[in-house]
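Here is the input, now give the coordinates:
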Amino acid sequence: MQLKAGMTRPTSDGVLEVLRPDMEALGYRVESGKARGQRIERPVLFGENGHPEVTYEIDAFHDALGIAVEVEAGRGAMSNAAYRDIIRASLLLDAEYFVLMMPLSYSYKSGGRALSTEAYSKTREQLSAIYASQRLRLPFKAVLLIGY
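Below is the predicted model:
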């Protein structure tokens, strides 16, 4: 992936910027910014008169195929963002497939020390545990984890 000048590691917005043209050509709606109208909102819960009462933002969605896509980077790679993404995507209306993109690793400083987390491997272990345990059943036909 080609980083913008001055960037030391990709951001989720940077990853989406690179992928957006090809994803849109394939029929995805892709978040183009953080302003209203640039974000992709999907309904989760409907209220009175069928109006969405709860919606979640998603990085990309393919309406015809029901594919929800989330890209994590930065702090999201070291926190429990993968769990949050999995649960929130599970609640999206018409999401039949889920694609989660995580950096292979993420380096950061804490208390003046340089630390690193293997974001992709950690997320892979989380997904493996969810599927192996059978205690939490995800509504997806398939989940694709992509490391970048």
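
CA only for contacts and neighbour counts going forward, please
Fine.

and after the lowest-mean-pLDDT helix or strand in the chain, which helix or strand comes next?
Ranked by mean pLDDT, DSSP states H and E, the helix or strand of the chain with the weakest confidence is helix 75-78, at a mean of 68. Using DSSP states H and E, the helix or strand that directly follows helix 75-78 along the chain is helix 81-91.

what ranges do the strands span in this protein?
For the chain, applying DSSP state E gives strands covering 29-30, 40-46, 52-58, 60-62, 67-71, 97-102, 106-110, 113-117, 142-147.

Now the third one: buried residues?
What it means is strand 52-58. For strand 52-58, burial by neighbour count (16 or more other C-alpha atoms under 10 Å) applies to Thr55, Ile58.

now for it, which elements pack on it?
Secondary-structure packing of strand 52-58 (3 or more C-alpha pairs under 8 Å, 6 or more residues apart in numbering; DSSP states H and E): strand 40-46, strand 67-71.

That strand to strand 67-71, inter-axis angle?
60 degrees (axes from the mean of the first three to the mean of the last three C-alpha atoms, to 10 degrees).

quick one, strand 52-58 and helix 81-91 angle?
Using the same axes, to 10 degrees: strand 52-58 against helix 81-91 is 140 degrees.

And stretch 98-114, how far out from the chain middle?
Distance of stretch 98-114 from the chain centroid (C-alpha atoms, centre = their mean, to the nearest Å) equals 15 Å.

and it, which residues are buried?
Residues Phe98, Val99, Leu100, Met101, Met102, Pro103, Leu104, Ser105, Tyr106 are the ones in stretch 98-114 that count as buried (16+ other C-alpha under 10 Å).

Let me know the distance separating the first one from Glu53.
I take that to be Phe98. Per C-alpha to C-alpha, to the nearest Å, Phe98 is found 23 Å from Glu53.

same question, Val18
Val18 sits at a distance of 32 Å from Glu53 (criterion: C-alpha to C-alpha).
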